[in-house]
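*Asks:* How does the following fold in three dimensions:
(one chain, ligands or ions: 2)
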Amino acid sequence: MRKELLLYFMTKKELRKLYKEKREGISSRDKLKLDDLLLIRFQQLAFENVHNLLTYWPLAGKAEPNTHLFSGYLRHMIPGLRISYPVCNLNDFSMKAVIIDEDTTYTTNDYGITEPKDGRPVAPSELDLILVPMLVCDQQGFRVGYGKGFYDRFLASCREDVLTIGFSYFPPIEKIIDTQAFDVPLNYCITPEDVYEF
Ligand SMILES: Nc1nc2c(c(=O)[nH]1)N(C=O)[C@@H](CNc1ccc(C(=O)N[C@@H](CCC(=O)O)C(=O)O)cc1)CN2
Ligand SMILES: Nc1ncnc2c1ncn2[C@@H]1O[C@H](COP(=O)(O)OP(=O)(O)OP(=O)(O)O)[C@@H](O)[C@H]1O
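*Replies:* Numbering: from 1, shown residues only. Ligands and ions are numbered 1, 2, ... in the order given. Below is the predicted model:
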């Protein structure tokens, strides 16, 4: 059977392992180019009524897309944009969105993720745009993340009309076979080649 066909029958857990390996196999030189392509695709979207953004700090060593490019672009395009970053509670896998500014100091949590050290949280209902970490998604926008459910829990407390965008170096697969009731699909997945709307 061709390798692509096997993808159609994979669970989140299997996809997580496969796509972690695929992503970490991208050379840093290629990654720079791919991140530029992601930015160009991102710039094709219109961001109307976006005042509150939740982005995330890319994990060093896990080859996550360079989200600083996307938040930097939005900061330039949207005067007064409020930018927040997740602060995780590793005991109950909850997280809050903490507003940052030029005076913010940062710390590294137990997962090696950079987080604001202090700062005011923004209510989830105030967020207009969320950049959601992902490894791969399917053609309905269901996503595989790191598997702790941080974002599924958090998105459950956000507005119904919040815009969610994921970035991936790989196109959506046909179907994740074990999606569950708590899974919140993305609105968009941006890849170096395309913008997928779900
Ligand atoms: N950059 C970034 N920030 C993010 C996320 C993310 O995926 N990327 N998250 C998205 O939810 C939340 C954090 N979730 C995470 C969950 C697990 C691991 C992780 O590396 N797990 C290791 C085991 C680590 C350990 O237990 O010591 C692993 O699965 O191999 C990282 C982040 C919030 N912030
Ligand atoms: N809204 C929720 N309320 C309670 N538990 C949840 C909720 N959403 C997800 N979970 C729990 O989180 C676990 C991980 O979910 P899943 O495998 O979908 O993670 P993921 O989407 O890959 O990770 P992440 O959201 O951190 O990027 C699930 O086993 C589930 O028990």
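*Asks:* CA atoms for contacts and neighbours, from now on please.
*Replies:* Fine.
*Asks:* Near the residue of the chain found nearest ligand 1, how many other residues are there?
*Replies:* Evaluated by Cα to the nearest ligand atom, the chain has residue 58 as its residue closest to ligand 1, separated by 4.0 Å. Neighbours of residue 58 under the rule other Cα atoms under 10 Å: 16.
*Asks:* How about residue 179?
*Replies:* 15.
*Asks:* quick one: pLDDT of it?
*Replies:* In this model, residue 179 is scored at 94, pLDDT.
*Asks:* Quick check: residues of this protein near ligand 2?
*Replies:* With Cα under 6 Å from any ligand atom as the criterion, the chain meets ligand 2 at residues 144-153, 156, 182-183.
*Asks:* ok, which stretches of this protein are helices?
*Replies:* Here the chain has its helices, by DSSP state H, at 3-7, 12-24, 28-42, 67-77, 150-155.
*Asks:* Deepest in the core, which of those is it.
*Replies:* helix 150-155 (a mean of 19; mean count of other Cα atoms under 10 Å).
*Asks:* quick one: the strands in the protein?
*Replies:* 52-54, 82-89, 94-100, 106-108, 114-116, 121-122, 129-132, 136-137, 143-144, 163-167, 188-190, 195-197 (DSSP state E).
*Asks:* CSV for the ones you listed, including distance to residue 177, mean pLDDT and mean neighbour count?
*Replies:* Supplementary listing: those in CSV, determined by distance: least, Cα to Cα, whole Å; pLDDT from 0 to 100; neighbours: other Cα atoms under 10 Å:
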stretch, distance to residue 177, mean pLDDT, mean neighbour count
strand 52-54, 28, 98, 22
strand 82-89, 28, 97, 20
strand 94-100, 25, 97, 20
strand 106-108, 34, 96, 12
strand 114-116, 32, 97, 21
strand 121-122, 34, 98, 17
strand 129-132, 21, 98, 21
strand 136-137, 11, 97, 26
strand 143-144, 11, 97, 24
strand 163-167, 19, 98, 22
strand 188-190, 19, 98, 25
strand 195-197, 20, 98, 16
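*Asks:* Mind putting the ones you listed into TSV with distance to residue 74?
*Replies:* Shown next, in TSV, are the strands of the chain (distance: least, Cα to Cα, whole Å):
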stretch	distance to residue 74
strand 52-54	9
strand 82-89	10
strand 94-100	14
strand 106-108	21
strand 114-116	19
strand 121-122	18
strand 129-132	11
strand 136-137	24
strand 143-144	24
strand 163-167	13
strand 188-190	15
strand 195-197	17
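*Asks:* Need these in TSV (columns: distance to ligand 1).
*Replies:* TSV is the format used below for the strands of the chain (distance: least, Cα to the nearest ligand atom, whole Å):
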stretch	distance to ligand 1
strand 52-54	11
strand 82-89	6
strand 94-100	7
strand 106-108	11
strand 114-116	8
strand 121-122	15
strand 129-132	8
strand 136-137	12
strand 143-144	10
strand 163-167	11
strand 188-190	15
strand 195-197	20
